[in-house]
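# Structure of the sequence below:
(one chain, ligands or ions: 1)
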Amino acid sequence: MTTAPDAPGVEPDLSVGMVGYAFMGAAHSQAWRTAPRFFDLPLRPRMTAVAGRDEARVKAAAARLGWDSTETSWQSLIERDDIDLVDVCTPGDTHAEIVIAALEAGKHVLCEKPMANTVDEAEAMTRAAEKAALSGVRSMVGFTYRRVPAIALARRLVADGRIGTLHHVRAQYLQDWIVDPEAPLSWRLDKDKAGSGALGDIGAHIIDLAQFITGESISRVSGRLCTIVDERPLPSEHSGLSGKAGTGTGKVTVDDAAMFLAELTGGALGVFEATRFANGRKNAIRIEVNGSRGSLAFDFEDMNLLHFFDGTEDAGTAGFRRIMVTEEQHPYVGAWWPPGHIIGYEHSFIHQAVDLVRDIAAGTDPTPSFADGLQVQRVLAAVETSSDTDSWQEIPT
Ligand code: SOE
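Residues are numbered from 1 along each chain as shown. Here you go, the predicted structure:
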């Protein structure tokens, strides 16, 4: 850590270097900037450097997002002595190489999801993280939705026994940003870059959330993947979520929709659905868990609410209760606004930064760990194999 002068009341710095500066890079930048302004942190994140290959663009991004300096390669960022933590916000095909190099250089790592494009890569990353942890180096995978207060509250209620024995999990992640067949190709539609399509991009989130909320793991799956539009215009220039079509066409090499049945370690059944073709659904993460005593239901498009049915109440008046998760005692909420003054998408990234900084300062292992990310990767791989072979697949432990 870059230690600040020992002035009383001044926390030492945690110097951050970020690789990538598109959508996720912007969300992470906002989090590093805002976290110390609303939360008491034992270390003060400093936005030291951002890396990207195009010098003009990375400089413009640094100026826009608030980074102090730039590098034109991730290698030169990692070589810097003044970087304590490397924040990886690049497409999945680059994660393993960057992350392993950063860990070997003794840098803490935050890696965007899905952790890798293959199980082999995720295993190598996990081995590197476990080795680095022996020298106090910390690592975390960016499954940010865990840090939505209503989701964290759902986990707390399940752990407190409020829904009883788990029977079912029902999870959907629905978007529609490529429903138009003229929407251009982007790296998220390229298997070499993204690993898979809806499955890894958004299905990974609901796998993580289902396991996080219930405290159980997915042990078996039976799935089906499909590609709905298999050829699209090439992008004109920018290839992100809102890219414009250029000339010529190219192949879509990933799934557009993924569905699977699952069994959880405690015996409960799960149904999962991830698609970027659900017309009208913009970022709907819907998750419902049903247990012997009650049920919980959440939808990210109304993310400050958690619905709770308490089956132990009198049947005549029982019903789904709409909990506004904006009270001081709710997870993370105390740092924000008075009750009823809601928060948004970006706040989960801030909460992620806060938890990571606190773990680094305390010398504790952050969650989700790389081992957690690897387990999600194994579920993704099992769904693909299941779809290819028409079979149930076990998830190795
Ligand atoms: C695109 O589908 C995407 O940006 C995902 O990659 C993110 O993980 C999700 O938070 C929002 O949608």
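
# drop to CA atoms for contacts and neighbour counts, all remaining ones
Noted.

# Neighbouring strands - and their directions - for the lowest-mean-pLDDT helix or strand in the chain?
Within the chain, no helix or strand scores below strand 245-251, which has a mean of 90 by mean pLDDT, DSSP states H and E. Sheet pairing of strand 245-251 (DSSP bridges) gives strand 231-235 (antiparallel).

# mind checking how far the strand it pairs with is from the chain centre?
27 Å (Cα atoms, centre = their mean, to the nearest Å).

# next one: stretch 172-179
17 Å.

# do stretch 176-189 as well
Worked out by Cα atoms, centre = their mean, stretch 176-189 lies 21 Å from the chain centre.

# That one: end-to-end distance?
14 Å (Cα to Cα, to the nearest Å).

# again with stretch 297-311
This stretch, stretch 297-311, spans 14 Å end to end (Cα to Cα).

# now stretch 263-272
Start-to-end, stretch 263-272 (Cα to Cα) is 11 Å.

# again, but for stretch 146-164
End-to-end distance (Cα to Cα), stretch 146-164: 21 Å.

# buried sites along stretch 271-279?
271, 272, 273, 274, 275, 276, 277, 278 (16 or more other Cα atoms under 10 Å).

# Identify the residue spatially nearest to the fifth one, adjacent ones excluded.
To tie it back to what came earlier, the one meant is residue 275. Excluding the flanking residues, the one nearest residue 275 by Cα to Cα, 6 or more residues apart in numbering is residue 257, at 4.2 Å.

# what does the helix or strand just after the least confident helix or strand of the chain contact?
Per DSSP states H and E, strand 245-251 leads on to strand 257-264 as the next helix or strand towards the C-terminus. Strand 257-264 has contacts (Cα atoms under 8 Å, 6 or more residues apart in numbering) with 197-199, 203, 216-228, 269-277, 383.

# Could you report the separation of the residue nearest to residue 275 from residue 226?
For residue 257 relative to residue 226 (Cα to Cα), the value is 6 Å.

# Compare the two (neighbour count), which wins?
residue 257 (21 against 16; other Cα atoms under 10 Å).

# Run through the residues that contact the most centrally placed residue in the chain.
Residue closest to the average C-alpha location in the chain (Cα atoms, centre = their mean): residue 143, at 2.4 Å. When contacts are counted by Cα under 8 Å, 6+ apart, residue 143 touches 112, 113, 205, 208, 368.

# how much space between it and residue 387?
Where residue 387 is concerned, residue 143 sits at a distance of 25 Å (Cα to Cα).

# Please apply the same query to residue 257.
Counting by Cα to Cα - residue 257 and residue 387 are separated by 12 Å.

# Quickly list what's touching both of these two.
Counting by Cα under 8 Å, 6+ apart, the residues touching both residue 257 and residue 387 are residue 225.

# one step back: which two of the buried residues of stretch 271-279 lie the greatest distance from each other?
Greatest spatial distance among those (Cα to Cα): 271 and 277, at 18.0 Å.

# What does the pLDDT read for the residue of the chain most remote from its centre?
Outermost residue of the chain with respect to the C-alpha centroid, by Cα atoms, centre = their mean, is residue 316; its distance is 40.4 Å. Per-residue pLDDT puts residue 316 at 97.

# Could you do the one 4 residues further on as well?
If you check residue 320, the pLDDT there is 98.

# and if you look at residue 269?
98.

# That one contacts residue 214, correct?
No: contact status for residue 269 versus residue 214: not in contact, 11.8 Å apart, counting by Cα atoms under 8 Å.

# Who has more neighbours out of these two?
Set residue 269 next to residue 214 and count neighbours by other Cα under 10 Å: residue 214 wins out with 21 against 18.
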